[in-house]
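# please work out how this folds:
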Amino acid sequence: MHFMVRNKKAQMKIQQMTFMLVAVVLFFVLVGLAFLSIRLYNIKKMAASLEEENAILLVSKLANSPEFSCGNAFGGSRVSCIDENKIMALKQRIGKYSDFWGVVKIEIRRIYPNEGVIEIFSKNEEHVLPAVSNFIALCRKEANETETYDKCEMAKLIISSEDKG
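Okay, here's the model as predicted:
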């Protein structure tokens with residue numbers, strides 16, 4: 001009888017130890033899952049930030065690309081200056097460039113003095129990231145009765161990219 005009481009106490013201690021080990025393991029599993037979810041959230045946030053930064057850099061790159069930029073046509077090299085005459089010519093031949101830049105939509109919105117939108121091209125895509133934009137000078141050559149002059153307006157170059165996620 002004395003042996004059975006000892007045996008029951010030993011079994012009880014073994015059960016208590018087993019439950020404690022299971023509880024400790026579950027605690028560490030939950031802590032690990034919380035840590036992993038926080039890390040995954042931070043990685044997703046960083047990926048979204050890098051995607052936005054790349055899109056902004058693409059806007060600047062497009063504004064200064066040979067297909068868009070003013071070059072030396074308007075009295076010296078200008079940064080973020082788009083030649084409207086080149087845009088109109090490019091707009092007519094955009095089929096060749098539709099996959100060249102890896103974007104879904106490119107448009108230019110005049111801001112001052114006259115508002116207006118020039119849609120260079122647009123694809124019908126389901127998953128599109130929010131548009132990114134940058135201010136530019138939209139310049140063209142104009143003529144009056146006596147001379148040809150440069151006319152520049154304030155505008156925004158707006159680009160939408162496809163969401164690959």
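
# alpha carbons only for contacts and neighbour counts from here, please
Fine.

# ok, Asp150 to Phe135 distance?
Computed as CA to CA, to the nearest Å, the Asp150 to Phe135 distance reads 19 Å.

# of those two, which one has the most company?
Each of Asp150 and Phe135 has its neighbours counted (other CA atoms under 10 Å); Phe135 has more, 19 against 12.

# tell me which helix or strand comes right after the strand or helix carrying the more buried one.
When elements are assigned from DSSP states H and E, Phe135 belongs to strand 132-143. Tracing the chain past strand 132-143, the next element assigned as helix or strand by DSSP H and E is strand 148-160.

# show me the contacts for Ile106.
Counting by CA atoms under 8 Å, 6 or more residues apart in numbering, Ile106 touches 119-122, 157-160.

# which stretches of this protein form strands?
For the chain, the strands defined by DSSP state E occupy 81-83, 105-112, 116-122, 132-143, 148-160.

# can you show me the helices along this protein?
In the chain, the segments counted as helices under DSSP state H are 2-63, 84-92.

# doesn't Lys86 make contact with Glu67?
Yes. Between Glu67 and Lys86 there is a contact at 6.8 Å, judged by CA atoms under 8 Å.
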